[in-house]
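Enquirer: Output the structure for:
(4 chains)
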Number of protein chains: 2
Amino acid sequence: MSEYTPRSAEEAAFLTAYAPKEYPSIAYTADIVIFTIVNGRLSLLLVKRGGHPYKDCWALPGGFVNFDESSEDAASRELEEETGLGISSSFLEQLKTYSTPNRDPRMRVVSTAYIAFIPYEELGNPEAGDDASDAHYFAIEDLFSDDENIELAFDHETIIRDGLERAQSKLEYTPLATQFLPETFTLSDLRRVYEAVWGTQLHVGNFRRKVLNTPDFVTPLGSKGGSTFGEGRTAELFKAGKTILLHPAILRGENK
Amino acid sequence: MSEYTPRSAEEAAFLTAYAPKEYPSIAYTADIVIFTIVNGRLSLLLVKRGGHPYKDCWALPGGFVNFDESSEDAASRELEEETGLGISSSFLEQLKTYSTPNRDPRMRVVSTAYIAFIPYEELGNPEAGDDASDAHYFAIEDLFSDDENIELAFDHETIIRDGLERAQSKLEYTPLATQFLPETFTLSDLRRVYEAVWGTQLHVGNFRRKVLNTPDFVTPLGSKGGSTFGEGRTAELFKAGKTILLHPAILRGENK
DNA sequence: GTAATAGTGTCTGTGAGACATTATGGC
DNA sequence: GCCATAATGTCTCACAGACACTATTAC
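Expert: The predicted structure follows:
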């Protein structure tokens, strides 16, 4: 690839003469877990598979990584192709790579999964695109409830559970929660994000104190407005602060 | 692959008839960062490259993932082949996957990196094997010091820095530190592990109190013995406890 | 004996969690 | 006016960090 400057004449000669050796033929894909909050519930985007295998099962958006793109870029591109949603690759966080030999019954496929966190209001509704017969958001609790019996393709249930865990723990020590909200929000909105992701009820007063005691987590705007989630009465508005790490963290130790 | 039971007759027919489609030809490798403590300093294992590109540079042990093995298994196997060291794949923790298109000047290579933590005493010395002209441990501080000027191959410096960060933060909330030590150790030994990995000096008394206040982190053996690192006088011996998560955690907040 | 390290005790500040109370605004 | 929620205050406990002090053992 062009950017590389050989370290010696000998190495340059080696590279010019280089003929690719045989290596195992492994397909490489990227999948993406998009979390958002719909009606106060943590949800994620799935697409319905239009073809075999796992036809009509629900799957994470994703697909092959092209020869000249990173897996981040591939995740972002595939998302656009399959759902019409645009998320820059810089908002994606790498979750984990799944490489069990038989995770796809067709052939050997290794997949790197990414996660993203988006305010529902900004995202709009997905439209089913390439290879997908449908696309919409599922609340996590419905997804894993026995009543609903939603069938997931491949090992995507594992990926989703790993992603959920990552999201839950990132909420503790990063300002991730603000990414689920529009630019301005109330502390109740913020609290509802924590409650949705952790699946717990938090104590209103203590939560407020903790958030305000964490420097640069949120910045008060000095004005009042209604909650984004449309509940409660008007309250003080905030925007996201400039910190990247929460000190002290907002911990979920059995707490309330 | 054989384990999969088709979900319908139609799907079975599809799979039987399936002819692999074209997909980008991407090579897949696994690399491994092995941390250990040598003479009280955090060190890692590197092998000297025997061939181009990056001939004579130092690189992480690693290599191609075979068609029928996971990347964990590949990491473990390659380690054995290149250095003669045996580490079960279950002791490996996945770090991250590196997929920038031009990270290898020969061809498109995606690599999943793993980390492992091993007591130096149990590991023995590595021997250069396949493709490697030398193999030994480097102290992290030497590796990144300007004096030494050690040349690292590919993007392995990035991988090592990511791995170091992971190790440092895992030390806080998991009993990882005990993995660097033999079965029995003193609290000084344990403290020296933290000091080596974090690159800081810790307060002896406070450290002791914190460790003993964390349930099931270490179990006293009721006997005394010398330090593994050969320093200090005899002290109470401990072995690793049975907890997987430290509560409370051993934090490194500017602390001492 | 001396010096270094092992090990114990105490004080202070911070933050979490529980709980009580007041303020505000929609209905 | 009623009620849910916003917002503030107070108490207790747990733990981090600082520091002082005693005990043990290698030399």
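
Enquirer: which one is whichever residue of the stretch 51-200 of chain A sits closest to DNA strand C nearest to, not counting chain neighbours?
Expert: Across the stretch 51-200 of chain A, the shortest distance to DNA strand C (Cβ to the nearest atom of the strand) belongs to residue A:172, at 9.7 Å. From N, CA and C alone the C-beta is placed, and that goes for glycine too. Among residues not flanking residue A:172 along the chain, residue A:249 sits closest, at 5.0 Å (Cβ to Cβ, 6 or more residues apart in numbering or on different chains).

Enquirer: again with residue A:91
Expert: Nearest to residue A:91 is residue A:116, by Cβ to Cβ, 6+ apart, at 5.4 Å.

Enquirer: What backbone torsions are found at the residue lying closest to residue A:217 once chain neighbours are set aside?
Expert: The spatially closest residue to residue A:217, leaving aside those adjacent along the chain, is residue A:241, at 5.1 Å (Cβ to Cβ, 6+ apart). Main-chain torsions, residue A:241, degrees, to the nearest 10: phi -80, psi -170.

Enquirer: Give me the distance between residue A:241 and residue A:178.
Expert: If you measure residue A:241 against residue A:178 using Cβ to Cβ, to the nearest Å, the figure is 8 Å.

Enquirer: residues shared between the contacts of those two?
Expert: residue A:218 (Cβ atoms under 8 Å, 6 or more residues apart in numbering or on different chains).

Enquirer: Settle it for me: which of those two has more neighbours?
Expert: residue A:178 (21 against 17; other Cβ atoms under 10 Å in any protein chain shown).

Enquirer: just checking, the more buried one is part of a strand?
Expert: No. Residue A:178 is assigned helix when assessed by DSSP: H, G, I helix; E, B strand; the rest coil, not a strand.

Enquirer: Grab the nearest non-local neighbour of it.
Expert: Residue A:178 sits nearest to residue A:240 (Cβ to Cβ, 6+ apart), 3.9 Å away.

Enquirer: for residue A:88, same thing?
Expert: residue A:76 (6.5 Å).

Enquirer: Do you have the strands of the stretch 151-256 of chain A handy? List them.
Expert: A:184-185, A:218-225, A:235-240 (DSSP state E, counting those that start in this stretch).

Enquirer: any idea where the helices of the stretch 151-256 of chain A begin and end?
Expert: For the stretch 151-256 of chain A, the helices defined by DSSP state H, counting those that start in this stretch cover A:156-173, A:187-198, A:204-213.

Enquirer: Would you mind putting these into CSV with mean pLDDT and mean neighbour count alongside?
Expert: Shown next, in CSV, are those (pLDDT from 0 to 100; neighbours: other Cβ atoms under 10 Å in any protein chain shown):
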stretch, mean pLDDT, mean neighbour count
helix A:156-173, 97, 18
helix A:187-198, 96, 21
helix A:204-213, 97, 14
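
Enquirer: Among those, which comes closest to residue B:24?
Expert: helix A:156-173 (21.5 Å; Cβ to Cβ).

Enquirer: The lowest-mean-pLDDT helix or strand in chain A - contacts with which helices or strands?
Expert: One helix or strand of chain A scores below all others by mean pLDDT, DSSP states H and E: helix A:120-123, with a mean of 76. In terms of contacts (3 or more Cβ pairs under 8 Å, 6 or more residues apart in numbering or on different chains; DSSP states H and E), helix A:120-123 is packed against strand A:27-38.

Enquirer: is any part of the strand it packs on close to chain B?
Expert: Yes. Strand A:27-38 reaches chain B (Cβ under 8 Å from any Cβ of the partner chain) through A:27-28.

Enquirer: For that strand, give the mean pLDDT please.
Expert: Averaging pLDDT along strand A:27-38 gives 96.

Enquirer: Could you give me the buried positions within it?
Expert: A:27-37 (16 or more other Cβ atoms under 10 Å in any protein chain shown).

Enquirer: Among those, which pair sits farthest apart?
Expert: Most distant of those, by Cβ to Cβ, are A:27 and A:37, 33.8 Å apart.

Enquirer: tell me the domain ranges of chain A?
Expert: A:24-155, A:171-240 (automatic domain parsing).

Enquirer: any idea which of the ones you listed is most buried?
Expert: domain A:24-155 (a mean of 19; mean count of other Cβ atoms under 10 Å in any protein chain shown).

Enquirer: picking that back up, ok, now which ones touch the residue of the stretch 51-200 of chain A closest to DNA strand C?
Expert: A:246, A:249-252.

Enquirer: If we use 10 Å, what do you get?
Expert: A:194, A:198, A:246, A:249-253 (Cβ atoms under 10 Å, 6 or more residues apart in numbering or on different chains).

Enquirer: Ok, residue A:71 next?
Expert: Residue A:71 neighbours (Cβ under 10 Å, 6+ apart): A:28-31, A:62, A:65, A:89, A:92, A:94, A:97, A:110-114, B:26, B:97-100, B:110.

Enquirer: roughly how far apart are it and residue B:154?
Expert: Distance from residue A:71 to residue B:154, by Cβ to Cβ: 17 Å.

Enquirer: what's the answer for residue A:14, then?
Expert: Distance of residue A:14 to residue B:154, computed by Cβ to Cβ: 15 Å.

Enquirer: Over to residue A:199?
Expert: Using Cβ to Cβ, which is the criterion applied here, residue A:199 is 42 Å from residue B:154.

Enquirer: Does stretch A:185-198 reach DNA strand D?
Expert: Yes. On the criterion Cβ under 7 Å from any atom of the strand, stretch A:185-198 is in touch with DNA strand D at A:186-188.

Enquirer: Repeat that for stretch A:31-43.
Expert: No. Stretch A:31-43 stays clear of DNA strand D (Cβ under 7 Å from any atom of the strand), getting no nearer than 11.2 Å.

Enquirer: Thank you, goodbye.
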